[in-house]
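In: Give me the fold of what follows.
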Amino acid sequence: MRIARFSTGEGVAFGVVEGAQGEEFISRIDGHPFGAIQFTGERYPLQEVRLVAPMLPSKVIAVGRNYAAHAREMGGEPPAEPLIFGKPSTSVIGHGEAIVYPHKLSERVDFEGELAVVIGRLCREVPVERAHEVIFGYTCANDVTARDLQRKDGQWTRAKGFDTFCPIGPWIQTELDPADLAITTTVNGDLKQSARTSQLLHDIPKLIAYITDVMTLIPGDVILTGTPEGVGPLEDGDEVSVGIEGIGTLTNRVVPRD
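Out: Okay, here's the model as predicted:
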């Protein structure tokens, strides 16, 4: 099931995306998608609504250097344990929204295509073997990063925390095996990243167990599982797309900050 948040110009609602590619429509649901879903009977052609971020998380927890080749392209060895950091909820945007380039503060902003996990239950200290019980679904993400600030600061909060630096979407796929999915990133149609989620150093159950040993996760929280090799710079006007097998494609355009 594909769960989306959308706007018709009269407010934002959740819905289920149905139909074949090119003929999709959204069936509106009542309230929040956690728990039993109740349809309102309203249906909208997908092209007539505006998709927004499929979830507004209380927090985004990301994982650094979780593909060996990416760790090495960044000049280090793969970490023995998950390397986690946070991105603020204010960094989250949806499919079709603009990534804003902060030129006054950064001269190098990179894309990082990733598989994101959306949490569906309040959880803490989750055992690896029960991690699947707390997952609501999966979506595409782009861990946009001011690379020069990341190198300058040492810690990553500023580099990864700008408004618009966490696109997610276009929707949440709730029925998916994430163990071996193709993931790609393109910029202006040119392939930049290509990998499979089976190459993750620390898989999703381990990440959930590790993170929930540290903090409580609540419904709607998002985990970014890491980016493969091939990260690179974005420029004003670029269109960057993250595609994941079984989910769809997240596309955003880069614009300069006023």
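
In: how far away is the residue nearest the centre of the chain from residue 213?
Out: The chain has residue 141 as the residue nearest its centroid, 2.4 Å off, counting by C-alpha atoms, centre = their mean. In this view, residue 141 and residue 213 are 23 Å apart by C-beta to C-beta, to the nearest Å. Backbone N, C-alpha and C define where each C-beta goes, glycine included.

In: Same question for residue 37.
Out: Distance, residue 37 to residue 213, using C-beta to C-beta: 31 Å.

In: got it, and residue 41?
Out: 44 Å.

In: Got the confidence number for residue 154?
Out: Residue 154 carries a pLDDT score of 89 in this model.

In: Near it, how many other residues are there?
Out: Neighbourhood size, residue 154 [other C-beta atoms under 10 Å]: 7.

In: Can you show me the helices along the protein?
Out: Ranges of helices in the chain, per DSSP state H, are 68-73, 147-153, 157-160, 204-212.

In: if we can go back for a sec, pick out whichever of residue 37 and residue 213 has more residues nearby.
Out: Counting neighbours by other C-beta under 10 Å for residue 37 and for residue 213 shows that residue 37 has the greater number, 16 against 10.

In: give the contact list for the closest residue in space to the more buried one that isn't next to it in sequence.
Out: In space, and not counting its chain neighbours, residue 37 is closest to residue 29: 5.2 Å by C-beta to C-beta, 6 or more residues apart in numbering. Contact analysis of residue 29 by C-beta atoms under 8 Å, 6 or more residues apart in numbering lists 13-16, 37-40.

In: again, 6 Å this time
Out: 14-15, 37, 39 (C-beta atoms under 6 Å, 6 or more residues apart in numbering).

In: Nearest to residue 129 among those?
Out: Minimum separation from residue 129 among the contacts of residue 29 (C-beta to C-beta) is found for residue 37, which lies at 27.3 Å.

In: Next one: that closest one relative to residue 171, how far apart?
Out: Counting by C-beta to C-beta, the gap from residue 37 to residue 171 is 14 Å.

In: Now do the residue of the chain most remote from its centre, the pLDDT please.
Out: Most distant residue from the mean C-alpha position of the chain: residue 41, 29.3 Å away (C-alpha atoms, centre = their mean). In this model, residue 41 is scored at 96, pLDDT.

In: and the residue nearest to it when sequence neighbours are not counted, how many neighbours does it have?
Out: Take residue 41 and drop its neighbours on the chain: the residue closest to it by C-beta to C-beta, 6+ apart is residue 28, 7.8 Å away. Neighbour count of residue 28, defined by other C-beta under 10 Å: 17.

In: Please apply the same query to the one 5 residues further on.
Out: Other residues near residue 33 come to 25 when the count uses other C-beta under 10 Å.

In: Need the pLDDT of it.
Out: Residue 33 carries a pLDDT value of 95.

In: Just list the residues touching it, thanks.
Out: 3, 14.

In: at 10 Å instead, please
Out: With contact taken as C-beta atoms under 10 Å, 6 or more residues apart in numbering, residue 33 is in contact with 1, 3-5, 14-16, 54-55, 118, 120, 136-137, 172, 174, 219-220.
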